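K.L.:
sequence plus the predicted model coming up.
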Amino acid sequence: MKFFIDTANVDEIRKANDMGVISGVTTNPSLIAKEHKDYAKTLAEIASIVDGPISGEVKATTTDAETMVKEGEAIYALDPKHMVVKIPMTVEGLKAIKALSAKGIPTNCTLIFSANQALLAARAGAAYVSPFLGRLDDISQPGIDLVRTISEIFANYPDIHTQIIAASVRNPIHITECALAGADIATVPYKVIEQMTRHPLTDQGIEKFKADYTAVFGA
Ligand code: E4P
């Protein structure tokens, strides 16, 4: 399983990129709005930092396929080597995914909450589907079951090349579960990437090495 970072904050993106662990970035309208910066310029800046797929979503106010395709083309044009157009899972969204993929523009179908939605997005030609674990957990449905089910279904059909991005990840336990469930990618907030690096025994071990070393060799 690969890691993407799920943020539009360029400081966090730089820090995670410097760690050497991320292969891409996902954003959404809420994440970009949080930064209070220009929408397109933020995406272009992110694409200049990370050499991997960068998901930029069509405007939250757009609902028809034709406009989604136009916006998707503009997002892709920001950096055709990196940009992936994120499209919400609706009937119009599916039409836009079909049209964009026919033009060779990769798409990430977002707001996936059922296996059938994932299957439809894959058949429309989405390069990625994003099942939202945390938001399902929030309504007392185990989000990880959805990731596992999509993974099993896609494995039944070798002609499906759509990758599963486990999204709405909230904690390190989600990460281990996603890897076991067969997600291709987990898109992870910076805070959770940091949490994944930590273990109290690692901290204790470092302190002990330091104490033993300085006792004999000095500082
Ligand atoms: C994924 O692509 C979304 O941007 C994100 O994971 C949503 O996470 P949230 O449910 O924590 O807002």
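P.N.:
Everything's here; your move. Numbering: from 1, shown residues only.
K.L.:
use CA for all of it now, contacts and neighbours both
P.N.:
Will do.
K.L.:
which positions in stretch 131-150 come out as buried?
P.N.:
By neighbour count with 16 or more other Cα atoms under 10 Å, stretch 131-150 contains the buried residues 131-136, 143-150.
K.L.:
quick one: that stretch to chain centroid distance?
P.N.:
Distance of stretch 131-150 from the chain centroid (Cα atoms, centre = their mean, to the nearest Å) equals 15 Å.
K.L.:
pLDDT, secondary structure and distance to residue 124 added to the buried residues of stretch 131-150, as TSV?
P.N.:
Converted to TSV, the buried residues of stretch 131-150 look like this (pLDDT from 0 to 100; DSSP: H, G, I helix; E, B strand; the rest coil; distance: Cα to Cα, whole Å):
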residue	pLDDT	secondary structure	distance to residue 124
131	98	strand	16
132	98	strand	19
133	97	helix	22
134	98	helix	25
135	98	helix	24
136	98	helix	24
143	98	helix	23
144	98	helix	24
145	98	helix	23
146	98	helix	20
147	98	helix	19
148	98	helix	21
149	98	helix	19
150	98	helix	16
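K.L.:
contacting residues for the residue in the chain positioned nearest to the ligand?
P.N.:
Nearest residue of the chain to the ligand (Cα to the nearest ligand atom) works out as residue 168 at 3.4 Å. Residues in contact with residue 168 (Cα atoms under 8 Å, 6 or more residues apart in numbering) are 131-135, 187-188.
K.L.:
out of those residues, which touch the ligand?
P.N.:
When contact is defined as Cα under 6 Å from any ligand atom, these meet the ligand at 134-135.
K.L.:
isn't residue 22 up against residue 15?
P.N.:
No. Counting by Cα atoms under 8 Å, residue 22 sits too far from residue 15 to count as a contact (10.1 Å).
K.L.:
same drill for the two, tell me which one is more crowded.
P.N.:
With neighbours defined as other Cα atoms under 10 Å, residue 22 and residue 15 compare such that residue 22 has more, 21 against 11.
K.L.:
any idea how far that one is from residue 70?
P.N.:
Distance, residue 22 to residue 70, by Cα to Cα, to the nearest Å: 29 Å.
K.L.:
residues of this structure that sit close to the ligand?
P.N.:
Counting by Cα under 6 Å from any ligand atom, the chain comes close to the ligand at 6, 26-28, 134-135, 167-168.
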